[in-house]
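Visitor: got a structure for you, letters missing:
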């Protein structure tokens, strides 16, 4: 079963569950190299006689719609394996469309610029290595994060696999999404430097705000000069920064990196230590852990989920569902 389905088919009746792999491909990932990497993947699949079907995205929202189409009518006991070929943002978009996560096995062939999810799960950036993980790796249960906020009188939400941040880190993501520098660096395999470069630039204009954190509806913390709060299920964010080295994606908890009261001149000193998780040695960089985090700020700030930026707001609630996702990877949950 080797078929190619374009996003226009999203309105068609869902296909019945069956054997094989269903690929959701973002051709624009890695500055347009996604299609080239898919062709290499397809050659390997065909050469090994592996049944597969591919769906290509053309614009933002396609991957979520395709994921919804492929998972909404699986039937009792039905299961399906979806494989995302793209970046962390493509995985994030697929999460928004999953209707029955408990019946879906997720695989990942990373072709983005940051690939923080693949970094933490031990999935190779090499197509053949990532495919080998998909075919031979073991399934593990992974936590699913969720951020919610009020907008237009309604409660909105967005799911995430890696992290949700508010403040400085989200502002960097927001600029990176439309940055020409990102495309240029990707051509030379240096895409992860985008976040570092934009971060250094934004330090000149970054503002701190007063913030109230409430952890698990029990502990209330007041931050007078908050720069950002990253709520993380995985260890890495922003192209390899180990903001939460103790994060465990299967423990049902989110690890927080909260930066408060650190002078601007000191940020360039602190950031390099985050590459190996040594930034908590600095005063004003704090670690917390909770399953629910309520964040209120005195000014609207950008919010990011796995590098995608859905909203600018002054109040969010971040929660996590333990073991909600089924992910195929080499790393197994410790018992």
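Guide: Arrived safely. All values derive from a computational prediction rather than experimental measurement. Numbers count the residues shown, from 1 in each chain.
Visitor: use CA for all of it now, contacts and neighbours both
Guide: OK.
Visitor: show me where this structure has its helices.
Guide: For the chain, the helices defined by DSSP state H occupy 29-32, 34-47, 62-71, 88-97, 116-121, 127-136, 168-176, 180-187, 193-202, 267-274.
Visitor: among the ones you listed, which is nearest residue 301?
Guide: Shortest distance between residue 301 and those, using Cα to Cα, is found for helix 168-176: 7.8 Å.
Visitor: what about the stretch 101-250 of the chain, any weak spots by pLDDT?
Guide: Confidence mapping of the stretch 101-250 of the chain against pLDDT under 70 gives the ranges 177-200.
Visitor: pLDDT of stretch 72-81, averaged?
Guide: Mean pLDDT, stretch 72-81: 82.
Visitor: just stretch 62-69 next, same as before
Guide: Mean pLDDT, stretch 62-69: 96.
Visitor: mind giving me JSON lines with the helices of the chain and columns for mean neighbour count and distance to residue 103?
Guide: Output for the helices of the chain, formatted as JSON lines (neighbours: other Cα atoms under 10 Å; distance: least, Cα to Cα, whole Å):
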{"stretch": "helix 29-32", "mean neighbour count": "20", "distance to residue 103": "27"}
{"stretch": "helix 34-47", "mean neighbour count": "16", "distance to residue 103": "23"}
{"stretch": "helix 62-71", "mean neighbour count": "23", "distance to residue 103": "8"}
{"stretch": "helix 88-97", "mean neighbour count": "24", "distance to residue 103": "13"}
{"stretch": "helix 116-121", "mean neighbour count": "21", "distance to residue 103": "21"}
{"stretch": "helix 127-136", "mean neighbour count": "18", "distance to residue 103": "17"}
{"stretch": "helix 168-176", "mean neighbour count": "23", "distance to residue 103": "31"}
{"stretch": "helix 180-187", "mean neighbour count": "17", "distance to residue 103": "35"}
{"stretch": "helix 193-202", "mean neighbour count": "18", "distance to residue 103": "35"}
{"stretch": "helix 267-274", "mean neighbour count": "16", "distance to residue 103": "36"}
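Visitor: let me have those in JSON lines, extended by distance to residue 234.
Guide: Putting the helices of the chain into JSON lines (distance: least, Cα to Cα, whole Å) gives the following:
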{"stretch": "helix 29-32", "distance to residue 234": "22"}
{"stretch": "helix 34-47", "distance to residue 234": "24"}
{"stretch": "helix 62-71", "distance to residue 234": "22"}
{"stretch": "helix 88-97", "distance to residue 234": "12"}
{"stretch": "helix 116-121", "distance to residue 234": "7"}
{"stretch": "helix 127-136", "distance to residue 234": "19"}
{"stretch": "helix 168-176", "distance to residue 234": "15"}
{"stretch": "helix 180-187", "distance to residue 234": "23"}
{"stretch": "helix 193-202", "distance to residue 234": "18"}
{"stretch": "helix 267-274", "distance to residue 234": "14"}
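Visitor: of all the ones you listed, which one is nearest residue 208?
Guide: With Cα to Cα as the yardstick, what comes closest out of the helices of the chain is helix 168-176 (8.7 Å).
Visitor: packing partners of that closest one?
Guide: If you count contacts as 3 or more Cα pairs under 8 Å, 6 or more residues apart in numbering; DSSP states H and E, helix 168-176 packs onto helix 193-202, strand 219-232, strand 292-305, strand 308-329.
Visitor: just so I know, which of these lies nearest residue 105?
Guide: strand 308-329 (5.1 Å).
Visitor: got the contact list for residue 283?
Guide: Residues near residue 283 by Cα atoms under 8 Å, 6 or more residues apart in numbering: residue 262.
Visitor: could I get the helices and strands packed on helix 168-176 as JSON lines with distance to residue 43?
Guide: Listed next are those as JSON lines, based on distance: least, Cα to Cα, whole Å:
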{"stretch": "helix 193-202", "distance to residue 43": "31"}
{"stretch": "strand 219-232", "distance to residue 43": "36"}
{"stretch": "strand 292-305", "distance to residue 43": "33"}
{"stretch": "strand 308-329", "distance to residue 43": "21"}
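Visitor: mind checking those for the one nearest to residue 268?
Guide: Comparing the helices and strands packed on helix 168-176 by Cα to Cα, helix 193-202 comes nearest, at 7.3 Å.
Visitor: follow-up on the earlier one: among the helices and strands packed on helix 168-176, which comes closest to residue 31?
Guide: Closest approach to residue 31 among the helices and strands packed on helix 168-176 (Cα to Cα): helix 193-202, 12.8 Å.
Visitor: how far is stretch 140-157 from where the chain is centred?
Guide: Stretch 140-157 sits 13 Å away from the centroid of its parent chain (Cα atoms, centre = their mean, to the nearest Å).
Visitor: buried residues in that stretch, which are they?
Guide: Neighbour counts over stretch 140-157 (16 or more other Cα atoms under 10 Å) mark 140-149, 157 as buried.
Visitor: just give me the closest of the residues you listed to residue 232.
Guide: Using Cα to Cα, residue 145 comes nearest to residue 232 of the buried residues of stretch 140-157, at 8.5 Å.
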